[in-house]
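In: coords below, sequence missing:
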């Protein structure tokens, strides 16, 4: 009897400047929805299931929006970076959106993209833009957000982990460290302490 082999595949994060460059290139090449999607994922730290619920009015009417997370049913308020909001407006105008109450991430068939479809599109984006990221999926955006917050916190790294743990709804910061790949990095650095 053959045993099914379950291969655990994790997603990787993008370096922040690589992500910003990708957003700009996608916009330049007329792929406004994917430019916006990757931006929303990396600036908001939301799961893809929540990103897909966003409407234009949620992103443009104020400098923040509130939603109930699908997975946890927790109410969450997200502040929109003012520079990124300008990008949202440019995408909105480039797409000639008439109804701001419609969802932001509609396919050409006017249905909201599925996570599976986005992951297929991401594979194409990875190849087309020669991204140096091993496992690029919808989850990569959330990890990119987390890594940027953590790396930008400097001496307040533990406070950043506590905040991220709450944003990600993790039970403790150890899980957040593992999620962001920080734990493994710290463990591997242990070997650098040895002299020869």
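Out: Right, received. Where do you want to start? Predicted model, so just to flag it, every value in this text is computed and none were measured.
In: Report the distance from the worst-scoring helix or strand of the chain on mean pLDDT to the chain centre.
Out: Lowest on mean pLDDT, DSSP states H and E among the helices and strands of the chain sits helix 182-189, with a mean of 72. Averaging C-alpha positions (CA atoms, centre = their mean, to the nearest Å) puts helix 182-189 23 Å from its chain's average.
In: which SSE is residue 84 in?
Out: Here residue 84, judged by DSSP states H and E, is contained in helix 82-94.
In: List the contacts of that helix.
Out: Outside of helix 82-94, the residues within contact range by CB atoms under 8 Å, 6 or more residues apart in numbering are 23, 27, 30, 32-33, 35-36, 39, 43, 56, 59-60, 63, 80, 100. Heads up, the C-betas are built off the backbone N, CA and C, glycines and all.
In: Now which of these would you call buried?
Out: Among those, those that count as buried by neighbour count (16 or more other CB atoms under 10 Å) are 23, 27, 32-33, 35-36, 39, 43, 56, 59-60, 80.
In: could these go into JSON lines alongside secondary structure, pLDDT and distance to residue 154?
Out: As requested, those are arranged in JSON lines below (DSSP: H, G, I helix; E, B strand; the rest coil; pLDDT from 0 to 100; distance: CB to CB, whole Å):
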{"residue": "23", "secondary structure": "helix", "pLDDT": "98", "distance to residue 154": "25"}
{"residue": "27", "secondary structure": "helix", "pLDDT": "98", "distance to residue 154": "31"}
{"residue": "32", "secondary structure": "helix", "pLDDT": "98", "distance to residue 154": "34"}
{"residue": "33", "secondary structure": "helix", "pLDDT": "97", "distance to residue 154": "35"}
{"residue": "35", "secondary structure": "helix", "pLDDT": "98", "distance to residue 154": "30"}
{"residue": "36", "secondary structure": "helix", "pLDDT": "98", "distance to residue 154": "30"}
{"residue": "39", "secondary structure": "helix", "pLDDT": "97", "distance to residue 154": "24"}
{"residue": "43", "secondary structure": "helix", "pLDDT": "96", "distance to residue 154": "20"}
{"residue": "56", "secondary structure": "helix", "pLDDT": "98", "distance to residue 154": "35"}
{"residue": "59", "secondary structure": "helix", "pLDDT": "98", "distance to residue 154": "30"}
{"residue": "60", "secondary structure": "helix", "pLDDT": "97", "distance to residue 154": "32"}
{"residue": "80", "secondary structure": "coil", "pLDDT": "97", "distance to residue 154": "24"}
